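Colleague: mind looking at a prediction? Sequence and model below.
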Amino acid sequence: MKVLSTKQLETNAIASAHDLQLDLTCLNFIEIKGVDYHNEALNFNDYDTVVFTSSNAVDFFIVSQIQIDILKTKKIASLEGSSKATLAKYGLAPIATAADSKQLADILQHSSDVKSVLHPCGSLALDTLQHTLETADIQYKGLVVYETILQPQQLTETYDFILFYSPSGVNSFFSQNKLSPSTVCCCIGTTTAAALKEKEPQAMILIPEKPNPVAMLEIVHHYIFNNKEQ
């Protein structure tokens, strides 16, 4: 089965696709560039909690030991999967995690010790976290640490499965392409799935239990196996 990943995958995911006998192609539909946020007037003492909703935000926020030391004095919250794993790479562990931004915001708004939140994020980040927290009278500051640039590519062949990792990736894909009626999509989480449903309401969408590329490939393999048995 032919599988398209809308971003380049790491070696372990590519190896997993090979083990699962999936014909994987990787094309980057977005480009990520770091932003020098140090020019922005910012007092880290104003925030008791730092929230990460992407692994890119972790990597582009932490540019030296200084940021790690700052985070060690704060409460940290993050999405599960790659965001949490990237924090661990720096020796950091979130006190709260969730599958998507809405669930994470719900947890934070019911935490009595969360009064002010700093959210390192990308230039195309959704306002879900901000809206929920501000409605709960929690101070919110979005800090753009990387820029997301759409890189639309027009497909020249049809794929059995397409993997999506973010709403921006969905938007980039559909700016140049349409889904074949037989194509099954796999989204890393519910936020990305919702963005896909806006573009293609009739799309068949798979969502893995764990938000990472290997889990996405595994659920694709499971779907293929189950449909062969029918």
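Modeller: The structure has been received and is ready for your questions.
Colleague: buried ones in whichever strand in the chain runs longest?
Modeller: Ordering each strand of the chain by length in residues (DSSP state E) puts strand 139-150 first. Of all the residues in strand 139-150, those buried under the rule 16 or more other C-beta atoms under 10 Å are 140, 142, 143, 144, 145, 146, 148. Quick note: C-beta positions are derived from backbone N, CA and C, even for glycine.
Colleague: swap in stretch 43-62?
Modeller: Buried-residue list, stretch 43-62, by 16+ other C-beta under 10 Å: 47-62.
Colleague: what segments of the protein are helices?
Modeller: Applying DSSP state H to the chain gives helices spanning 11-19, 55-61, 65-71, 82-89, 101-109, 128-135, 167-174, 190-199, 213-229.
Colleague: and residue 102, what's its pLDDT?
Modeller: pLDDT for residue 102: 91.
Colleague: quick check: closest non-adjacent residue to it.
Modeller: Excluding its sequence neighbours, the residue lying closest to residue 102 (C-beta to C-beta, 6 or more residues apart in numbering) is residue 128, at 5.4 Å.
Colleague: same check on residue 54?
Modeller: Residue nearest to residue 54 in three dimensions, not counting chain neighbours: residue 83, with 6.0 Å by C-beta to C-beta, 6+ apart.
Colleague: what packs against the helix or strand of the chain with the lowest mean pLDDT?
Modeller: Between all helices and strands in the chain, the lowest mean by mean pLDDT, DSSP states H and E belongs to helix 213-229, at a mean of 91. Contacting helix 213-229 under the criterion 3 or more C-beta pairs under 8 Å, 6 or more residues apart in numbering; DSSP states H and E are the following elements: strand 2-5, helix 11-19, strand 161-164, strand 184-187, strand 204-206.
Colleague: picking that back up, now the residue nearest to residue 102: how far from residue 184?
Modeller: 26 Å (C-beta to C-beta, to the nearest Å).
Colleague: any idea how far the residue nearest to residue 130 when sequence neighbours are not counted lies from residue 112?
Modeller: Closest residue in space to residue 130, ignoring its immediate chain neighbours: residue 140 at 4.9 Å, by C-beta to C-beta, 6+ apart. Here the criterion is C-beta to C-beta. By it, residue 140 lies 17 Å from residue 112.
Colleague: same thing with residue 142?
Modeller: Distance of residue 142 to residue 112, given as C-beta to C-beta: 23 Å.
Colleague: the residue nearest to residue 102: neighbouring residues, count only.
Modeller: Residue 128 has 16 neighbours, counted by other C-beta atoms under 10 Å.
Colleague: okay, now the unreliable bits of this structure?
Modeller: Counting by pLDDT under 70, the low-confidence segments of the chain come to 39, 229-230.
Colleague: start and end of stretch 118-129, how far apart?
Modeller: Stretch 118-129 has an end-to-end distance of 11 Å (C-alpha to C-alpha, to the nearest Å).
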